[in-house]
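[1] Sequence and computational prediction follow.
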Amino acid sequence: MEYDVTSDVEVIMGTSGKERQRKYIEKKRLEGKRPVTVLLSQVTKEVLERERKMTGESLSSIIERAVMNIKIPVITDETSPEEATKHTTSNKGSRKKKQPKQDNLELF
């Protein structure tokens, strides 16, 4: 029986990294965190990196702090997450005005 070292090394290394990532994500989920993928402008990314270096906080903490400082209240219904995401209007004929688009996230 021949033994192929390279294929075993690739499987072990690939599985170990994936397993560590899976465990980390599961741990964060148990802490009430949810993964989010976003694309940011270069300027916004630089602001986040500068803030990370200045404070020593993780990007997750910085973004969470910035989002929680938004002045618009958020009402959630823990019993029915599907209902919270549905868009309902009392007057179907009226149109909602679009909010102006923001290019950069303002941290402070």
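    Cool, the structure landed. Given the structure is predicted, the values throughout are model-derived calculations rather than measurements.

[2] any idea of the pLDDT on D8?
    With respect to pLDDT, D8 scores 52.

[3] same check, this time on P100
    Turning to P100, the model gives it a pLDDT of 56.

[4] before we move on, what about L59?
    Listed pLDDT for L59 reads 93.

[5] just K45 next, same as before
    95.

[6] Could you count how many residues lie near it?
    Around K45 sit 14 other residues, with neighbours defined as other C-beta atoms under 10 Å. Yep, even glycine has a C-beta here, placed from its N, CA and C like the rest.

[7] Would you mind giving the secondary structure of it?
    Secondary structure state of K45, per DSSP: H, G, I helix; E, B strand; the rest coil, is helix.

[8] got it, and P35?
    Taking three-state DSSP, the label given to P35 is coil.

[9] What's the local residue count around it?
    Neighbour number of P35 under other C-beta under 10 Å is 8.

[10] Check E64 too.
    Neighbours of E64 (other C-beta under 10 Å): 13.

[11] dump the residue contacts of P35.
    I25, K28 (C-beta atoms under 8 Å, 6 or more residues apart in numbering).

[12] Any buried residues in stretch 36-49, and which?
    T44, V47, L48 (16 or more other C-beta atoms under 10 Å).

[13] Could I have the CA atoms of stretch 50-57 written out in CSV?
    Extracted as CSV, the C-alpha positions of stretch 50-57 are listed here (Å, rounded to 0.1, in the frame of the first residue of the first chain):
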residue,chain,number,x,y,z
ARG,A,50,-6.9,54.1,12.1
GLU,A,51,-9.5,53.7,14.9
ARG,A,52,-8.4,50.1,15.5
LYS,A,53,-4.8,51.1,15.9
MET,A,54,-5.7,54.0,18.2
THR,A,55,-8.0,52.1,20.5
GLY,A,56,-6.8,48.5,20.2
GLU,A,57,-10.4,47.4,19.7
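
[14] neighbouring contacts of that stretch?
    Here stretch 50-57 has contacts from S58, L59, I62, R65, L107, using C-beta under 8 Å, 6+ apart.

[15] Now intersect the residues you listed with the strands, please.
    In strands, judged by DSSP state E, none of these are found.

[16] By neighbours, which of these wins?
    I62 (19 neighbours).

[17] Appreciated, that's everything.
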